[in-house]
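Colleague: below is the sequence, then the predicted model.
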Amino acid sequence: MEDICQKGKRANYTNNKSCNNIIKIHEKEMMAIQTHFFRQVYLQTVYKIRSRYRKTWTGFLWVILNPIILYSVQSFIFQMVLKIEMPHYTVFLLGGLLPWIFINSSLDMGIPILTSSSHLLKGLPVNPLVLILSQVTDNFFNFIVTFLVILIPVLTFTNHWSLHLLTMPISLVLVYLFASVTTIFLSYLNVSYRDTKFVVGFVMSIMYFLTPIFYPPEIIPENLQIFLHLNPIFHLIELFRGAIYEHSLSKLGYHCFVSIIFIGALGSITYRYWRSKKNDIYHLL
Amino acid sequence: MTSTTYSDRALVEVKNLHVSYEQDHYQKASLRDLFIKTVKSPVQSFLAKRSSQIVLDDICFSLKKGDRLGIIGRNGAGKTTLCRCLAHMLTPQHGEINVPEKTRAIFSHANCVDPFLTGRENALLLGNYLYPWLKFKELEEVIEEACHFSGLGEALETPIYTYSLGMQTRLFLSVVTSVPCDLLILDEVYDGADEHFKALAKERITQLIERSGAVILVSHNSELFKKVCNKVILIEDHKLIYEGSDIDHALALYRSFHGRKGP
């Protein structure tokens, strides 16, 4: 055996200490990856939307019917049956429920996406972020359309139009970023811990009651208000309500600031998690 | 960066490559397990030493333009991990990797992007991942040609989930073999499809290999190595045992380790 080994060129090169710990990736290559990234997300999203709607208007209606029915039923129950006395309750509920449905559906559909697409991720050098972001963007598109489909008639009916609606894009960008970052982190976690999806589903069903979605935040006792402010979804919902319901700019800065802090913190945790666990994630897929 | 730039120097360079995976996951595969372990013995679960499993240890090799490298090794030796490192899917703990920009890696797992999309749409998305450097117009032309080559006809307009495995492989092989690149990594992608299409695809793959800058081939088919490769490396127990151009010798060495007839 020694003989055969010596015949070929021995591959154990002298251990060059200087090249240890250096991982070179071409800068040019990284640039190229970034420019290609957006086209990949764009195409994947467009095709995902196509496959969901089956290229017809009725298919599109089917997708937005679920949140519309949920909204109608809740608004009927709380206003007509439980008789919550709030001016323009339908507008109030809209600002809370629709962003909630968007975040919830993004998590629900986005968390298992890496494990269900493992054949693709292991088969080709596809950036996992492309798959997750395209799912969140698809849901975001549905959210915006559903939101407008409900908002325009509701505002017209209640005559609650205001120029404050112009702050909506800020809320939309922040809720998109929050949903993306959370889904990315949890879908990575779902690769290592396969029951993450169920645990998140359980936590979200509890959070639905702990977040002021169908009740005003003011009714929570003073000493418990701190917990409310530790809930990132509360701040995002308040941004929407500021624009469509309360018509006030006074708390816009505060809620924006806190939301950005949450998104930044979660983003940096996700990035660190990905950097340290990348190999294990591929290994476990 | 065009392929001609690499003609005078090494196209692919791998130095002191070291990759390992964490082993703890097997004990904590779910949040429930993690919870039970943490509640049962909180101190131990925090202080427990993390064990790691070495997959590649001190791998060094280089390829010039025109080289066709075969990687030999038994299952679990680290062949696929090495290819994934070259495709930047994995980040090595130590070491240096230099590969050209137009590197394309194809592993045996892939078949389609989204089963609910039609064959043609899947082909376009697949092409978008494989050839991101192509302009959209060029990409559409490439996919059109690949769809034509696949010979699937009207089936291209139906969703992929209605396809048989052979049909999926046909479409997949047609797309992945349509554009040459600087470095082509093929990890056991020769299987599937019927005999007739296999013969067609083989010809196309051979042409692709001829037109590409360098090729890395992982297979268990010793005939293929002899036919295609001019260089082989042998990985045994996560270490590089042999690097050279004597394919018969490498195969003999491999058999001497395992007492088997084929790689």
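Modeller: Thanks, I have it. No experiment lies behind these values; they were computed from the predicted model shown. Numbering: from 1, shown residues only, chains lettered A, B, ... in the order given.

Colleague: can you map out the strands along the chain?
Modeller: Reading this off chain A. Using DSSP state E, chain A contains no strands.

Colleague: that's the wrong chain, I wanted chain B
Modeller: Going by DSSP E, chain B shows strands at B:12-22, B:52-63, B:68-72, B:94-98, B:103-107, B:183-187, B:214-218, B:231-236, B:239-244.

Colleague: turn those into CSV, including mean pLDDT and mean neighbour count.
Modeller: Quick note: C-beta positions are derived from backbone N, CA and C, even for glycine. Listed next are the strands of chain B as CSV, based on pLDDT from 0 to 100; neighbours: other C-beta atoms under 10 Å in any protein chain shown:
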stretch, mean pLDDT, mean neighbour count
strand B:12-22, 86, 20
strand B:52-63, 87, 19
strand B:68-72, 89, 24
strand B:94-98, 87, 19
strand B:103-107, 82, 22
strand B:183-187, 85, 25
strand B:214-218, 87, 24
strand B:231-236, 89, 22
strand B:239-244, 87, 20
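
Colleague: with distance to chain A added, can I get the ones you listed in JSON lines?
Modeller: Putting the strands of chain B into JSON lines (distance: least, C-beta to the nearest C-beta, whole Å) gives the following:
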{"stretch": "strand B:12-22", "distance to chain A": "5"}
{"stretch": "strand B:52-63", "distance to chain A": "4"}
{"stretch": "strand B:68-72", "distance to chain A": "12"}
{"stretch": "strand B:94-98", "distance to chain A": "5"}
{"stretch": "strand B:103-107", "distance to chain A": "5"}
{"stretch": "strand B:183-187", "distance to chain A": "9"}
{"stretch": "strand B:214-218", "distance to chain A": "13"}
{"stretch": "strand B:231-236", "distance to chain A": "7"}
{"stretch": "strand B:239-244", "distance to chain A": "4"}
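
Colleague: would you format these as TSV with distance to B:Pro159 included?
Modeller: Formatted as TSV, the strands of chain B follow (distance: least, C-beta to C-beta, whole Å):
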stretch	distance to B:Pro159
strand B:12-22	36
strand B:52-63	37
strand B:68-72	36
strand B:94-98	38
strand B:103-107	23
strand B:183-187	27
strand B:214-218	31
strand B:231-236	40
strand B:239-244	44
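
Colleague: buried sites along the lengthiest helix in chain B?
Modeller: In chain B, taking DSSP state H as the definition, the longest helix is helix B:195-211. Within helix B:195-211, the residues scored as buried using 16 or more other C-beta atoms under 10 Å in any protein chain shown are B:Phe197, B:Lys198, B:Leu200, B:Ala201, B:Arg204, B:Ile205, B:Leu208, B:Ile209.

Colleague: quick one: the helices in the stretch 51-200 of chain A, in order.
Modeller: For the stretch 51-200 of chain A, the helices defined by DSSP state H, counting those that start in this stretch cover A:57-76, A:89-110, A:113-116, A:118-123, A:128-158, A:168-192, A:196-210.

Colleague: of these, which is nearest A:His247?
Modeller: Smallest distance to A:His247 across these (C-beta to C-beta): 10.2 Å, for helix A:89-110.

Colleague: check which helices and strands the closest one sits against.
Modeller: On a contact count with 3 or more C-beta pairs under 8 Å, 6 or more residues apart in numbering or on different chains; DSSP states H and E, helix A:89-110 meets helix A:57-76, helix A:128-158, helix A:168-192, helix A:196-210, helix A:232-241.

Colleague: how far away is the nearest residue to B:His94 once chain neighbours are set aside from B:His88?
Modeller: Nearest residue to B:His94 in three dimensions, chain neighbours excluded: B:His18, at 4.2 Å (C-beta to C-beta, 6 or more residues apart in numbering or on different chains). B:His18 sits 16 Å away from B:His88, going by C-beta to C-beta, to the nearest Å.

Colleague: what of B:Leu130?
Modeller: As for B:Leu130, its distance to B:His88 is 14 Å (criterion: C-beta to C-beta).

Colleague: pick out whichever of those two has more residues nearby.
Modeller: When B:Leu130 and B:His88 are compared for neighbours, B:Leu130 comes out ahead with 23 against 17, by other C-beta atoms under 10 Å in any protein chain shown.

Colleague: from what I can see that one touches B:Val175, true?
Modeller: Yes - the pair B:Leu130 / B:Val175 is scored as a contact, 6.9 Å apart, by C-beta atoms under 8 Å.

Colleague: show me the longest helix that occurs in chain A.
Modeller: Looking across chain A with DSSP H, the single longest helix is helix A:252-284.

Colleague: buried stuff in it?
Modeller: For helix A:252-284, the neighbour count (16+ other C-beta under 10 Å) marks A:252, A:255-256, A:258-259, A:262-263, A:266-267, A:270, A:273, A:277, A:279-284 as buried.

Colleague: out of those, who's near chain B?
Modeller: A:Lys277, A:Asn279, A:Asp280, A:Tyr282, A:His283, A:Leu284 (C-beta under 8 Å from any C-beta of the partner chain).

Colleague: need those in TSV with pLDDT, can you?
Modeller: TSV is the format used below for those (pLDDT from 0 to 100):
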residue	pLDDT
A:Lys277	85
A:Asn279	84
A:Asp280	84
A:Tyr282	85
A:His283	83
A:Leu284	84
